[in-house]
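Asker: sharing a model prediction with you, sequence too.
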Amino acid sequence: MNWTFFHKLGSPKWFYHLSGKWLPWLGTLAALSMIAGLVWGLLFAPPDYLQGNSYRIIFLHVPTAFLASAVYLMMAGAAVVTLVWKVKLADVALQCMAPIGSSFCLLALITGAIWGKPTWGTWWVWDARLTSMLILLFLYFGVIALRGAIRSATTAAKACAVLTLVGVVNIPIIKFSVEWWNTLHQGATLTLTEKPAMAVQMLWPLLISILGFYLFFGAVLVLRMRIEILNRERRTRWVQKLVADEMGV
Amino acid sequence: MSEGHLRGRQVFFSIIKRDLMLAFRTPGQVVNPVAFYLMVASLFPLGIAPDKALLSQLAGGIVWIGALLAVLLSLDSLFRSDQEDGSLDQLLLSPHPLPLLALAKVAAHWLATGLALILTAPLLALMLHLPTQAFPALMLSLLLGTPLMSLVGGIGAALTVRVQRGGVLLTLLSLPLYVPVLIFGTGAVQSAVDGMEYTGHLLWLGALLMTGLCLAPLAIAASLRVVVDG
């Protein structure tokens, strides 16, 4: 297999030029699949026999919750690449993913609370899943705060990578302990019951919606990374030339 | 081995000795976390109610959360003074494995603060009317939990050593990682209060402590290298 493509991708300049070509496609696909999934799910999927229409928030809630966890794992991947191969682009990705991931985490918590009110009769329960999601949000905050506190960009990059890895080692422990804690402390609690084998008319729009959110994440990430690359490389000749061309100088 | 070269074990213990000596020559470093611990724990009855039945239910959690906050507060100084007077650079330059040196620093920190907190805990538990049968569980869980908190918090302390006023940041980084320790620690106490078996919680704390002993020094060493060397 020819890896030169991959190595070139590691260079900010190449990534900037290539991603400029991908972005319209990624954005269009994201918009199409999100619209398809959400319109199908919110308007045409049949209402749930128990929860009526209130279950429809699932088409927002599940994709955001999926991404909230997945983005942290992707960050851990980027952290390994940053520390081991010292690829600059991996750190750009790490930096840009943190705010997106934390936003998805927050959205998952908010949509969960909105869903919880009609279903459980309360905005918040100290359910194992909710609690571990909340702690995941705190982990995101830590990475973002550490980045902001360290002046030197290279130090911040490595420090955030180390912290992300420490977090990813802890996530299973936290998740497990929170689940244990919940079963110990609360007897009869309202849990997000296991999804009863979902009807196909609901499953398909959900899957399309998840795909749409992933594509949306990809598009936003690429957009953010492009801006961050321009910011970091602002003193290089290619960026200055790019800006000069744009301005028509 | 030529003269002037120390063996790893000697270095380990001389770092502990040095740090303990420094800690006891500035008594505030030992006394302040304990005083903080006492004050935080006495805020709970003031804030909730001086009700004996209620407090005895909450006591385990209060004693544990107080210890957790006191450890966090004291961790900020773990590497900071060494960073300021340059001895941290010497540690990084030393030919001995940095994780070992980091472990010595953490051990000294635990001996100076964690141990004092453990010794204060029964007093607080008594004041908060913790049922007598839960005292062994409280002491054992703190004995396993406080070193673990020092180890995990050491990573945060290392990452924030160069940050101006890094205390809040250290708290932000460490608190999510303390969740399992808190859960198993208070779980042990609560089980004992309810008259149930609590060995399971202690075994889990022990397992986490062993994992922490193996992995945290590596993470602390990596963090120190990253933050100090850039």
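Answerer: Sure, I can see it. Residues are numbered from 1 along each chain as shown, chains lettered A, B, ... in the order given.
Asker: residue B:134 touches residue B:193, doesn't it?
Answerer: Yes: contact criterion C-beta atoms under 8 Å: residue B:134 and residue B:193 qualify, at 4.6 Å. Placement of C-beta: from N, CA and C, glycine included.
Asker: need the residues touching each of the two.
Answerer: Common neighbours of residue B:134 and residue B:193 (criterion: C-beta atoms under 8 Å, 6 or more residues apart in numbering or on different chains): residue B:60.
Asker: state the distance from the most centrally placed residue in chain B to chain A.
Answerer: In chain B, the residue lying closest to the centroid (C-alpha atoms, centre = their mean) is residue B:150, at 3.2 Å. According to C-beta to the nearest C-beta, to the nearest Å, residue B:150 and chain A sit 15 Å apart.
Asker: likewise for residue B:166?
Answerer: For residue B:166, the distance to chain A - C-beta to the nearest C-beta - is 7 Å.
Asker: and that residue, what does it touch?
Answerer: A:149, B:76, B:80, B:160.
Asker: may I ask which of the residues you listed has the most neighbours?
Answerer: Counting neighbours by other C-beta atoms under 10 Å in any protein chain shown, residue B:160 comes out on top of the contacts of residue B:166 with 31 neighbours.
Asker: wait, it sits on residue A:155?
Answerer: No: if you go by C-beta under 8 Å, residue B:160 and residue A:155 don't touch, sitting 11.8 Å apart.
Asker: which residues do the two both contact?
Answerer: Common neighbours of residue B:160 and residue A:155 (C-beta under 8 Å, 6+ apart) do not exist.
Asker: save the contacts of residue B:166 as CSV, and put in distance to residue A:89 too.
Answerer: Listed next are those as CSV, based on distance: C-beta to C-beta, whole Å:
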residue, distance to residue A:89
A:149, 23
B:76, 34
B:80, 34
B:160, 26
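Asker: run through the chain and note the low-pLDDT ranges.
Answerer: If you meant another chain, say so; for now it's chain A. A:1-9, A:183-197, A:249 (pLDDT under 70).
Asker: if you could check chain B rather than the one you did, that'd help
Answerer: Checking chain B against pLDDT under 70 turns up B:1-5, B:230.
Asker: residues from it in reach of chain A?
Answerer: Residues of chain B that fall close to chain A, judged by C-beta under 8 Å from any C-beta of the partner chain: B:155, B:159-160, B:162-163, B:166, B:169, B:172-173, B:175-177, B:179-180, B:183-184, B:187, B:190-191, B:204, B:208, B:215, B:219, B:222-223, B:226-227, B:230.
Asker: so which of those residues belong to helices?
Answerer: B:155, B:159, B:169, B:172-173, B:175-177, B:179-180, B:183-184, B:187, B:190-191, B:204, B:208, B:215, B:219, B:222-223 (DSSP state H).
Asker: buried members of these into PyMOL, please.
Answerer: Here is the PyMOL selection string for the buried members of these, based on 16 or more other C-beta atoms under 10 Å in any protein chain shown:
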select buried, chain B and resi 155+159+169+172+173+175+176+177+179+180+183+184+187+190+191+204+208+215+219+222+223
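Asker: now for residue A:210: which residues touch it?
Answerer: By C-beta under 8 Å, 6+ apart, the neighbours of residue A:210 are A:37, A:62, A:63, A:66.
Asker: other SSEs contacting whichever helix or strand the third one is part of?
Answerer: If you go by DSSP states H and E, residue A:63 is part of helix A:58-85. Judged by 3 or more C-beta pairs under 8 Å, 6 or more residues apart in numbering or on different chains; DSSP states H and E, the packing partners of helix A:58-85 are helix A:12-39, helix A:88-120, helix A:128-149, helix A:153-185, helix A:200-232.
Asker: the same query, at a cut-off of 7 Å, please.
Answerer: helix A:88-120, helix A:128-149, helix A:153-185, helix A:200-232 (3 or more C-beta pairs under 7 Å, 6 or more residues apart in numbering or on different chains; DSSP states H and E).
Asker: which of those helices sits closest to residue B:21?
Answerer: Nearest to residue B:21 among the helices and strands packed on helix A:58-85 is helix A:153-185 (30.6 Å), distances taken as C-beta to C-beta.
Asker: I am finished for the moment; much appreciated.
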